[in-house]
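# When you get a sec, could you give me coordinates for this:
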Amino acid sequence: MAAAAARTADPAPHVPVLLGPLLRAVGPVSGLWIDGTFGAGGYARGLLDAGADRVIGIDRDPAVFRLAEGWAGGYGDRLTLVRGTFSDLDRIAGEPVDGVVLDLGVSSMQLDQAERGFSFQKDGPLDMRMGDEGPTAADLVNEAAEAVIADILFHYGEERAARRIARAIVAARPLARTLQLAAVIERCLPRQKPGQSHPATRSFQAIRIAVNDEFGQLAEGLAAAERALKPGGRLAVVTFHSLEDRVVKRFFQLRSGAEGQGSRHAPERAAEAPAFRMLTRRAVAADAGELAANPRARSAKLRVGIRTEAPAGEAPRASLGLPRPALKEHR
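Down below sits the predicted model:
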């Protein structure tokens with residue numbers, strides 16, 4: 001009844017990427033779940049409608065909760081919204097949970113809001129913060145050393161022209177608007193060809209990741225999920241670029257005992273009982289139908305693990321394949 005009321009309040013809810021495959025992979029859904037990246041609420045709704053008794057939705061962006069006011073009340077006390085970061089999800093839950101869902105990266109809702117500063121195609125202030133606290137993208141590009149900017153662009157955006165772009169950014173300071181920055185980047189790269197991504201795509205991704213400490217949050221969030229999950233609980237993670245997916249894949253390898261026996265680069269570690277059993281041996285991608293309905297799904301990958309009865313442990317950051325700037329202070 002509550003779910004029906006919620007759907008009535010908003011007849012066209014946001015449908016997140018890979019929701020169907022995720023629900024099939026983790027089902028049957030019941031008990032207490034955490035949606036660690038609440039956003040537009042699509043995963044939380046999907047979990048509640050699929051049978052979750054309760055969902056705790058966590059987000060560091062206070063704006064998402066204002067947008068949910070029109071429908072969240074329809075779920076009553078089955079849905080709890082908490083401002084915070086998913087790196088703290090075990091403390092926020094306060095009790096063992098049956099499942100955790102993490103949808104990484106920037107949301108389409110944030111990209112669509114020019115005033116948030118995430119888009120290189122819409123003019124807005126150079127902000128890029130997923131919340132409303134801490135240094136902005138403008139602070140980073142206007143104050144960081146050229147070498148630091150180049151390092152961020154290369155490691156977080158895999159931008160081969162990182163040094164050239166960093167030099168141009170420093171020469172163009174001060175920069176205050178997204179289209180200003182996009183124009184500086186475009187002048188450093190060959191003209192965009194049909195079918196190619198925008199020249200500023202990789203640089204904007206890199207700066208956004210740095211501003212929001214996304215890889216630090218990811219490493220801590222995966223560890224927090226391991227601590228929070230009951231035996232048999234599910235951890236489902238949706239990634240949108242290869243850097244994220246590499247970290248998630250490596251985490252599951254390390255924590256499921258599938259990382260191998262070490263090498264001269266990674267010495268063998270003492271045997272430890274696996275904390276996860278992999279439910280998806282390979283990453284799940286969107287099918288043709290979802291790709292036709294939502295082009296953003298083309299880069300999405302889903303990985304799901306089941307928590308074992310082993311005590312929570314730790315996946316050392318140095319073993320997770322984090323891009324190098326995530327391991328040092330870049331500001």
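# Can I get stretch 124-131 in CSV, CA atoms only?
The C-alpha trace of stretch 124-131 is given here as CSV (Å, rounded to 0.1, in the frame of the first residue of the first chain):
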residue,chain,number,x,y,z
GLY,A,124,27.9,27.4,-14.4
PRO,A,125,30.2,28.1,-11.6
LEU,A,126,33.2,25.8,-11.2
ASP,A,127,32.0,24.0,-8.2
MET,A,128,31.7,20.2,-8.8
ARG,A,129,31.1,19.4,-5.1
MET,A,130,28.7,16.6,-4.5
GLY,A,131,27.8,18.3,-1.2
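# Break down the stretch 51-200 of the chain into its strands, ranges please.
Using DSSP state E, counting those that start in this stretch, the strands of the stretch 51-200 of the chain run over residues 54-59, 79-83, 97-103.
# starting at the chain centroid, how far to the longest one?
It refers to strand 97-103. 13 Å (Cα atoms, centre = their mean, to the nearest Å).
# Tell me the neighbouring strands of that strand, and mark each as parallel or antiparallel.
Paired strands of strand 97-103, with direction, are strand 32-35 (parallel), strand 229-239 (parallel) (DSSP bridges).
# And the second one, by the same measure?
When sheet partners are counted by DSSP bridges, strand 79-83 sits next to strand 54-59 (parallel).
# Show me where the chain dips below the pLDDT cut-off.
For the chain, applying pLDDT under 70 flags the ranges 1-14, 259-270, 325-331.
# how close does the residue sitting nearest the centre point of it sit to residue 145?
Residue closest to the mean C-alpha point of the chain, counted by Cα atoms, centre = their mean, is residue 104 at 1.4 Å. Between residue 104 and residue 145 the computed distance is 28 Å (Cβ to Cβ, to the nearest Å). C-beta: built from backbone N, CA, C; applies to glycine.
# Helices of the stretch 151-300 of the chain, start to end?
Assigned by DSSP state H, counting those that start in this stretch, the helices in the stretch 151-300 of the chain fall at 162-172, 178-188, 201-211, 214-228, 242-255, 288-293.
# Tell me which of those sits nearest to residue 273.
Minimum separation from residue 273 across the helices of the stretch 151-300 of the chain (Cβ to Cβ) falls at helix 242-255, 10.2 Å.
# What angle do helix 214-228 and that closest one make with each other?
30 degrees (axes from the mean of the first three to the mean of the last three Cα atoms, to 10 degrees).
# Look at residue 214 and say how many residues are nearby.
23 (other Cβ atoms under 10 Å).
# isn't residue 245 right up against residue 284?
No: using Cβ atoms under 8 Å, residue 245 is not in contact with residue 284; the gap is 11.4 Å.
# that older thread, can I get the strands paired with strand 97-103 in TSV with mean neighbour count and distance to residue 89?
TSV is the format used below for the strands paired with strand 97-103 (neighbours: other Cβ atoms under 10 Å; distance: least, Cβ to Cβ, whole Å):
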stretch	mean neighbour count	distance to residue 89
strand 32-35	28	5
strand 229-239	23	10
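# in stretch 152-161, what's buried?
Counting neighbours by 16 or more other Cβ atoms under 10 Å, one finds that the buried residues in stretch 152-161 are 152, 153, 154, 155, 156, 157, 159, 161.
# ok, residue 26 - contacts?
When contacts are counted by Cβ atoms under 8 Å, 6 or more residues apart in numbering, residue 26 touches 99, 234, 236, 279, 304.
# Helix, strand or coil: sort out the last one for me.
With DSSP: H, G, I helix; E, B strand; the rest coil as the basis, the three-state label of residue 304 is strand.
# what's it in contact with, if anything?
By Cβ under 8 Å, 6+ apart, the contact list for residue 304 reads 22, 25, 26, 234, 235, 236, 237, 278, 279, 280, 284.
# and the angle for the one helix or strand the second one maps to with strand 97-103?
Looking back up the chat, that one is residue 25. Following DSSP states H and E, one finds residue 25 within helix 19-26. Between helix 19-26 and strand 97-103, the angle comes out at 150 degrees (the same axes, to 10 degrees).
# ok, so of the contacts of residue 304, who is nearest residue 40?
Within those, the smallest distance to residue 40 is 15.3 Å, found for residue 22 (Cβ to Cβ).
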